[in-house]
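**Q** Got a predicted model here, sequence first, then my questions.
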Amino acid sequence: MATRKTKVTAPISEPQLTTALTRGIRLLQCFSTADQELSSKDLSERTGLARPTVFRLTTTLCELGLLRYSESRMMFSPTPRLLTLGAPVLASMKARHLARPMMQQLAEVSDAQVLLSAGSQYEVIVVEAAMGSKAEVFRPEIGTRLSLSHTAIGRAHLLGLSVQERQRYIRQISATDAARAKALETKLKEDEEQLRRKGFITARREARPDVAGAAVPMRSQIDDQTFIFSCSVLPFNVDDVQLDAIGARLASLVHSVEASFGNLGDFSASHGAVFESQAPPRRRAAK
């Protein structure tokens, strides 16, 4: 009697697992608040992965409950289960919990939107948002990535990087868009001067035509994380003097958050004169 041969499956090697994990994360990173649904073709084009590879990865991600597939639209979308991965990150951000009441107070006083964003090398992500009861500004969702070159928040983050890191980012842009890189370099010089003189950066109608606002980077890192605060209003509701007043209030908020954490020395010293003029004035001791 013939013996049926048993198929032996070779164990998956560690490099293979690492590659699959990396590719799976790249697929998930394709989704954003602007791109909430993507097809297999979209995912293949954005990651450079072959369609069969995308099929295998999306099948696994759907089985894990991280993606769902719509048969009628033939599109993939993230599921609420992904939120469980981000919840520990938000819960661990001390600056977010401490600043939230002050952000809400500023939002109410200024009829504005106040955001706290976290910066990580060449990426800025919204981690907290407060809205005034009369604010009419578009509100980005927590987890939204913001432009580094087209928002005051993004440029404030870039000014918090070392000169070497900033130049490296500009060179990366210049490799594909020299005009954009030159414009960013010019804008950063203007913002750097404004940050020195006023302690905040203002902008009008940049990423969105219906937004004006100010941004202030924290001079200190908290748990090895950098943070940027911003306050946005409708551009036709404020003139330049009023926008500067909003920027000054925002800078005061940031100083209050920094004072609560105490140590500002290491980060501000390593990032040069940009932050020196932002230090809040020392109060005179009462006689």
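**A** Noted; the coordinates are in hand.

**Q** Which parts of this structure are strands?
**A** Secondary structure of the chain, counting by DSSP state E: strands at 67-70, 75-78, 113-120, 123-131, 145-146, 201-204, 212-217, 226-233.

**Q** Adding distance to Val241, mean pLDDT and mean neighbour count, write these out as CSV.
**A** In short, each C-beta sits where N, CA and C put it, glycine included. Listed next are the strands of the chain as CSV, based on distance: least, CB to CB, whole Å; pLDDT from 0 to 100; neighbours: other CB atoms under 10 Å:
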stretch, distance to Val241, mean pLDDT, mean neighbour count
strand 67-70, 49, 96, 16
strand 75-78, 43, 96, 18
strand 113-120, 20, 93, 24
strand 123-131, 24, 93, 20
strand 145-146, 26, 90, 18
strand 201-204, 11, 91, 21
strand 212-217, 13, 93, 29
strand 226-233, 13, 93, 27
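
**Q** Redo these as JSON lines? Include distance to Ala95.
**A** Shown next, in JSON lines, are these (distance: least, CB to CB, whole Å):
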{"stretch": "strand 67-70", "distance to Ala95": "31"}
{"stretch": "strand 75-78", "distance to Ala95": "26"}
{"stretch": "strand 113-120", "distance to Ala95": "7"}
{"stretch": "strand 123-131", "distance to Ala95": "9"}
{"stretch": "strand 145-146", "distance to Ala95": "17"}
{"stretch": "strand 201-204", "distance to Ala95": "19"}
{"stretch": "strand 212-217", "distance to Ala95": "12"}
{"stretch": "strand 226-233", "distance to Ala95": "5"}
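
**Q** right, so of those, which gets closest to Leu184?
**A** strand 201-204 (13.1 Å; CB to CB).

**Q** right, and the strands of the chain - which one's nearest Thr84?
**A** Using CB to CB, those put strand 75-78 closest to Thr84, at 11.8 Å.

**Q** Setting the sequence-adjacent residues aside, check what's closest to Val126.
**A** Residue nearest to Val126 in three dimensions, not counting chain neighbours: Thr144, with 4.7 Å by CB to CB, 6 or more residues apart in numbering.

**Q** Please look at the one you found and Glu128 and confirm they touch.
**A** No: contact status for Thr144 versus Glu128: not in contact, 11.6 Å apart, counting by CB atoms under 8 Å.

**Q** Counting neighbours, what do you get for the nearest residue to Ser147 once chain neighbours are set aside?
**A** Distances taken as CB to CB, 6+ apart put Gly154 closest to Ser147, at 5.2 Å, once the chain neighbours are dropped. Gly154 has 25 neighbours, counted by other CB atoms under 10 Å.

**Q** From Val126, how far off is Gly154?
**A** 12 Å (CB to CB, to the nearest Å).

**Q** Which of the residues in stretch 148-167 are classified as buried?
**A** Neighbour-count burial for stretch 148-167, counted by 16 or more other CB atoms under 10 Å, picks out 148-161, 166.

**Q** Per-residue confidence, Ser162, what does it come out as?
**A** Note for Ser162: predicted pLDDT of 86.

**Q** Centroid-nearest residue for this structure?
**A** Nearest to the mean C-alpha position of the chain, by CA atoms, centre = their mean, lies Ile125 at 1.7 Å.

**Q** Any figure for the gap between that one and Gln225?
**A** Counting by CB to CB - Ile125 and Gln225 are separated by 11 Å.

**Q** can you check Leu57 too?
**A** 30 Å.
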